Each structure stands twice: as structure tokens, then as C-alpha cells.
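Colleague: This is the structure alone, sequence omitted:
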């Protein structure tokens, strides 16, 4: 493997409530997926998270989800695709405003939770939502798992793509994520995470929850910030990546895109 990005979902508190140690996470990763106020996050948290990303020179990404603060965006909602497309634009705009105010670029986006699962399975929904992303910024990098509807739609629309492996989530044999309602969907055992990531980096495969060997095309590894073991997991991943001599390279540099400046308001 030529290079790898190490990223985390971050900025997922709300008001006085903090989900993870965002400062510690940001110091360990190369790209961040930031909640935009729908499933988590708020104005203060977004502003502070952008500042942390800028301080650590971490690629800044929007993590968009359903309008579901109470369920943390992990409940499926039946929303018309055209309406959900507006919600995607709204969330991109919210984080982009704080990025612009900090003069720091917004480089990528990804889908969170139940929305992420639904859009990964549904080519028509992926097409509608990614058209909204393209209208917002045709250079926005799409961060997603390989081989799903989001990747297919992004490539049809000529949007740049970086494929991600989820280190702390189990995979079905079809390459999609195991539902969080099933046992073993979230992996808390750091030794298991270590083995999975080593297999990915050395063989380009992962074992599904039922034991099938799946090829995985990924140049980014994700750890969920709300997983209690997230910091320990990221430290393990950094050790493996260093041991194998693989450079840590954020998505914007992987794709050799021309440098962008944040839009000045």
C-alpha cells in the first residue's frame, strides 16, 4: 500500500455534552469527519472543531446525517430524496461557514449512521444526494466504503472519491456494514482491530462477520469517535502503519488536487 489516511468521526457532542476527547483524537488523525448539527454538533462545537483541525493541519470534512439529535442519527427515517438533498446542502453549508470564517478549506464529506447505511444500499438515493454535493462543490471529495452505491454514484458524477475501511465495524459478506442491531456489529476488542487492519494493509482483504474473505480497496481507515476505545485503537493503528512504513497522507493530498483556499466571507 502506497499511503493511508487515518480519520475519525468527531465533533459529536451537543451543548454541554461531550462524546469523545476531540482534542486527543485530532492530534492523532489526518482527516476528520465533523458532525454538522443534525445528528450531533452545534455552532460552538463546529467552530471549536474547525479550529482544532486547523491547529493540527487535519483535512476537514462534513459528516452529514438525518435530523435526529435524540437518536444520534442512527434511526432510519423516511424522507423524500429531494428534501434530504436540501438537508445535505444545509449541513455542508453550516460547516463551510465556520471553515470560511477560519480561512480553512472544507475538503471532503461523508454520510453518517442510518443515512449512510441507506445511501450505501440505494443507487437512486445516492444519485440524488451526491448531485446536491456536486452542486455545492464539484471538487468535494466523497469519503465512503468501496463498492457501494455512494462510490458508484460519485464516480458517475465525476466527484473525487477516497474509499474508507471502518476499523471498528463488522462487515457483511456483501461488503456492507453489519447492522448495529446485531451482536458483534461494533468491534471493541483492540486486538481484533489490530488483526483486521494488519490484514487490510498487507493483504487488501478483511473477514466478514460470517468468515468470508472480502477484497477491500481502501486508502483510508476510520475509527468512530464515540467508540469508547477510539483513542487506544487509533494509537494501535498508528503503530501498525509506522511498523509497515506506510506514509500517512490525508485525502486532499492523496488525490493530488490543486491546493484550495477557504472562501473569504
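Modeller: Received, thanks. Quick caveat, the model's predicted, so the values are computed rather than measured.
Colleague: Any idea how far the biggest helix by length in the chain is from the middle of the chain?
Modeller: Criterion DSSP state H: the longest helix present in the chain is helix 81-101. From the chain centre to the centre of helix 81-101 is a distance of 16 Å (C-alpha atoms, centre = their mean, to the nearest Å).
Colleague: and the next element down the chain from that helix?
Modeller: strand 106-111 (DSSP states H and E).
Colleague: looking only at pLDDT, what's the mean for that following strand?
Modeller: Across strand 106-111, pLDDT averages out at 98.
Colleague: quick one on the thing from earlier: residues contacting the longest helix of the chain, please?
Modeller: For helix 81-101, contacts defined as C-beta atoms under 8 Å, 6 or more residues apart in numbering pick out 34, 36-38, 43, 46-47, 50, 60, 62, 64-67, 79, 105-106, 109, 115, 124-125, 128-129, 131-133, 135-137, 140, 262-265. C-beta here means a position set from N, CA and C on the backbone, and glycine is covered the same way.
Colleague: Just the buried ones from these, in ChimeraX syntax?
Modeller: In ChimeraX, a selection of the buried entries from the contacts of helix 81-101 looks like this (16 or more other C-beta atoms under 10 Å):
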select :34,36,37,38,46,47,50,60,62,64,65,66,67,79,105,106,109,115,125,128,129,131,132,133,136,137,140,262
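Colleague: What pLDDT does the model give residue 264?
Modeller: pLDDT, read off for residue 264, is 33.
Colleague: Could you do residue 29 as well?
Modeller: Per-residue pLDDT puts residue 29 at 97.
Colleague: now swap in residue 188 and tell me
Modeller: For residue 188, pLDDT reads 87.
Colleague: Near the nearest residue to it once chain neighbours are set aside, how many other residues are there?
Modeller: Using C-beta to C-beta, 6 or more residues apart in numbering and skipping the chain neighbours, the partner closest in space to residue 188 is residue 229 (5.7 Å). Residue 229 has 17 neighbours, counted by other C-beta atoms under 10 Å.
Colleague: returning to what we had before: the longest helix of the chain versus strand 106-111: what angle between them?
Modeller: 150 degrees (axes from the mean of the first three to the mean of the last three C-alpha atoms, to 10 degrees).
Colleague: Could I get the buried residue list for helix 81-101?
Modeller: The neighbour-count check on helix 81-101 (16+ other C-beta under 10 Å) flags 81, 84-85, 87-89, 91-92, 94-100 as buried.
Colleague: between the residues you listed, which is closest to residue 237?
Modeller: Taking C-beta to C-beta as the measure, residue 237 lies nearest residue 95 of the buried residues of helix 81-101, at 25.1 Å.
Colleague: measure residue 78 to residue 4 for me?
Modeller: Taking C-beta to C-beta, to the nearest Å as the measure, residue 78 falls 37 Å from residue 4.
Colleague: Same check on residue 158?
Modeller: Counting by C-beta to C-beta, the gap between residue 158 and residue 4 amounts to 25 Å.
Colleague: And those two? Which one has more around it.
Modeller: Legend: neighbour count by other C-beta under 10 Å for residue 158 and residue 4, higher for residue 4 (24 against 9).
Colleague: Which pLDDT value belongs to the more buried one?
Modeller: For residue 4, the predicted pLDDT is 96.
Colleague: Which residues does it form beta bridges with?
Modeller: Listed by DSSP bridges, the beta-bridge partners for residue 4 are residue 248.
Colleague: what's it in contact with, if anything?
Modeller: Neighbours of residue 4 in contact, by C-beta under 8 Å, 6+ apart: 201, 219-221, 241, 246-249.
Colleague: got it, and residue 137?
Modeller: Contacts of residue 137 by C-beta under 8 Å, 6+ apart are 92, 106.
Colleague: Likewise for the one 3 residues further on?
Modeller: Residues in contact with residue 140 (C-beta under 8 Å, 6+ apart) are 92, 106-109, 133-134, 159-160.
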